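Asks: Could you look at this predicted model? Sequence included:
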Amino acid sequence: MMPAQSQRKMFSLPRRAVYGLTCSVAVLVCLLAAGQADAKIKLELQKFRSKSYLIHTNLTRDEVRAFGKHMDTVFDQYEERFRDFHARTSQQMPLYLLRTENEYQRFMATQDINATNTGGMFFFSPKSQGLATWAQGRSRSQTFQVLQHEGFHQFAFNHLGQDLPTWINEGLAQYFEDAIIVGDKMTIGLANARRVEQVKHALDSHNAIEFAHLVGFTADEWAGTLHGDPNRAALMYAQSWSIVFFLIHGENDRYQPAFARYLHKVSAGRDHQTAFYEAFGTDSLRPLAKHWDQFASQQQPDPINTAASRMEFLGEALRFMYQQGETAPKSIKKLRDSLQARHFVLTRKSHGITVEITADDPDLYRYQRRNGSTGLFKILEPSRDDLPPRITATGLHPEPTLVWSRDNEGALVQDIEYR
């Protein structure tokens, strides 16, 4: 059984050809490069082809195969959802997948980009463009999320047009970032718990960015907020995702046709605000803002997405204990007691925004099923003696399980599989 959201009619766009380029200034880095990436790069990268991507990498063929297969499935979904936006190139999308974060930063430096504190990005210049990130030192699931997010920016660059507003570009990128792959199918429409609660808190405390203001953000205003006010920037991202989610799924998909019209208009170069009024057939955004406010205030996070995020935290804790030579706990309660006793904190950065997750949060050790009941995560025996324990959330459909493997250099690789 698939998550409830996947049973809805997924959004697709009416058939019409649109031409142009896409640029989200806060994330997509515009630069003048002195030469092609291959001519400047000092790392030794091999090239592998998947169906949709030309992958430049220093991973082995066996290691890179899983990433190519995953992104081919993702790209197929991009094309299905935006099938009426024609690509400006038929060439495979360039993907630069480095082994380590340091190598990723070294590669980005060859593109005249300082990639410090970034998890990956889509970059472009008049002579080269690509999707870039790294694989080692974090879970495969986290790398997949980065690729899905930045991969949408790359897809948008080639399909949706240079005039796509930053808020919609980022909102859609986060929407696809949260998707999961089960087999060869992508399940979208999963409500991210952190963003749901962040937007609710902003609405309750009357600190939310005004709806009309956010959808009218210029690229300069977005970039200024991102670099000048991290807390406001975090809300800016979360709220953009929330509005996109509402326009796709709100009120039984009521706004999908207008949303599609809006995307076509801005992709064709129409003024952003004028396009919004025309697409939604209104001379005021207040009624729509009120409907979004009601939707966001009542939205509940998806159990699958929430459980997976918490399992990622628990996995990093198990990795830490394993690397310290400590005996792995046999139950989630013992893991909780150990982490809380040492005041374990996990720090993550996204879009330059730092988020701390502390072991003192009791919700990290449990999950909610779709029927409303609560369960504790279950620790399973390692699949091999040289790996940490696995973690699962029984009763969820699909059921997520945190699993471990080792790459060709012997480093631990964490992943979440669904069945």
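Replies: Yep, that arrived. Numbering: from 1, shown residues only.
Asks: Please tell me how far the most centrally placed residue in the chain sits from residue 290.
Replies: The centre of the chain sits closest to residue 177, judged by C-alpha atoms, centre = their mean, with a distance of 2.4 Å. Computed as C-beta to C-beta, to the nearest Å, the residue 177 to residue 290 distance reads 28 Å. Every C-beta, even on glycine, is put in place using the N, C-alpha and C of the backbone.
Asks: all helices for the stretch 301-419 of the chain, in order.
Replies: Ranges of helices in the stretch 301-419 of the chain, per DSSP state H, counting those that start in this stretch, are 303-323, 332-341.
Asks: sorry, back to before: so the residue nearest to the centre of the chain makes contact with residue 153?
Replies: No. Here residue 177 lies out of contact with residue 153, judged by C-beta atoms under 8 Å, at a distance of 10.7 Å.
Asks: about what we covered before: which non-adjacent residue is nearest the residue nearest to the centre of the chain?
Replies: Nearest non-adjacent residue to residue 177, counting by C-beta to C-beta, 6 or more residues apart in numbering: residue 149, 3.8 Å away.
Asks: wait, what's in contact with the one you found?
Replies: 120, 173, 174, 176, 177 (C-beta atoms under 8 Å, 6 or more residues apart in numbering).
Asks: Give the buried residues for the helix or strand containing residue 79.
Replies: For residue 79, the element it lies in under DSSP states H and E is helix 61-81. By 16 or more other C-beta atoms under 10 Å, the buried positions in helix 61-81 come out as 63-64, 66-68, 70-71, 73-75, 77-78, 81.
Asks: Likewise for stretch 383-392?
Replies: Residues of stretch 383-392 classed as buried by neighbour count (16+ other C-beta under 10 Å): 387, 388, 389, 390, 391, 392.
Asks: Could you dump those into TSV and include distance to residue 311 and pLDDT?
Replies: TSV is the format used below for the buried residues of stretch 383-392 (distance: C-beta to C-beta, whole Å; pLDDT from 0 to 100):
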residue	distance to residue 311	pLDDT
387	16	95
388	13	95
389	12	96
390	10	97
391	5	97
392	8	97
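Asks: Please report how far residue 151 lies from residue 362.
Replies: 35 Å.
Asks: between these two, who's got more neighbours?
Replies: residue 151 (27 against 9; other C-beta atoms under 10 Å).
Asks: what sits against residue 225?
Replies: 232, 233, 236 are the contacts of residue 225 under C-beta under 8 Å, 6+ apart.
Asks: packing partners for the helix or strand harbouring residue 122?
Replies: Per DSSP H and E, residue 122 falls inside strand 121-124. Secondary-structure packing of strand 121-124 (3 or more C-beta pairs under 8 Å, 6 or more residues apart in numbering; DSSP states H and E): strand 29-30, strand 129-134, helix 140-159.
Asks: do you know which of the ones you listed lies nearest residue 326?
Replies: Closest to residue 326 of the helices and strands packed on strand 121-124, according to C-beta to C-beta: helix 140-159, at 23.3 Å.
Asks: could you check the angle strand 129-134 makes with that closest one?
Replies: 170 degrees (axes from the mean of the first three to the mean of the last three C-alpha atoms, to 10 degrees).
Asks: ok, then the element right after helix 140-159?
Replies: Next in sequence after helix 140-159, counting helices and strands by DSSP H and E, comes helix 166-177.
Asks: who does the helix or strand that that following helix is followed by pair up with?
Replies: Using DSSP H and E, the helix or strand that directly follows helix 166-177 along the chain is strand 180-182. With DSSP bridges as the test, strand 180-182 is paired with strand 185-187 (antiparallel).
Asks: Now do the following helix or strand past the strand it pairs with: everything it contacts.
Replies: Heading C-terminal from strand 185-187, the first helix or strand you meet, by DSSP H and E, is helix 193-204. For helix 193-204, contacts defined as C-beta under 8 Å, 6+ apart pick out 174, 207-209, 234-235, 237-239, 241-242, 293, 296-297, 299-302, 305-306, 309, 355.
Asks: which residues are in contact with the helix or strand following helix 193-204?
Replies: Once helix 193-204 ends, the next helix or strand along the chain (criterion: DSSP H and E) is helix 211-215. For helix 211-215, the external contacting residues (C-beta under 8 Å, 6+ apart) are 165, 167-168, 236, 239-240, 243, 272-273, 276, 285-286, 288-289, 292-293.
Asks: ok, and the most crowded of those?
Replies: Greatest neighbour count in the contacts of helix 211-215, by other C-beta under 10 Å, goes to residue 240: 28 neighbours.
Asks: so that one touches residue 173, yeah?
Replies: No. If you go by C-beta under 8 Å, residue 240 and residue 173 don't touch, sitting 9.3 Å apart.
Asks: now stretch 173-187: how far from the chain's centre is it?
Replies: 9 Å (C-alpha atoms, centre = their mean, to the nearest Å).
Asks: May I see the buried residues of it?
Replies: Buried residues in stretch 173-187 (16+ other C-beta under 10 Å): 173, 174, 175, 176, 177, 178, 179, 180, 181, 182, 186, 187.
Asks: Now the two most distant members of these.
Replies: Largest separation among the buried residues of stretch 173-187 by C-beta to C-beta: 173 and 182, giving 21.1 Å.
Asks: pLDDT-wise, which helix or strand of the chain ranks last?
Replies: One helix or strand of the chain scores below all others by mean pLDDT, DSSP states H and E: strand 29-30, with a mean of 36.
Asks: what sits against residue 51?
Replies: By C-beta under 8 Å, 6+ apart, the contact list for residue 51 reads 72, 75.
Asks: go again using 6 Å as the cut-off
Replies: residue 72 (C-beta atoms under 6 Å, 6 or more residues apart in numbering).
Asks: do the same with residue 374
Replies: Taking C-beta under 6 Å, 6+ apart, we find residue 374 in contact with 366, 368.
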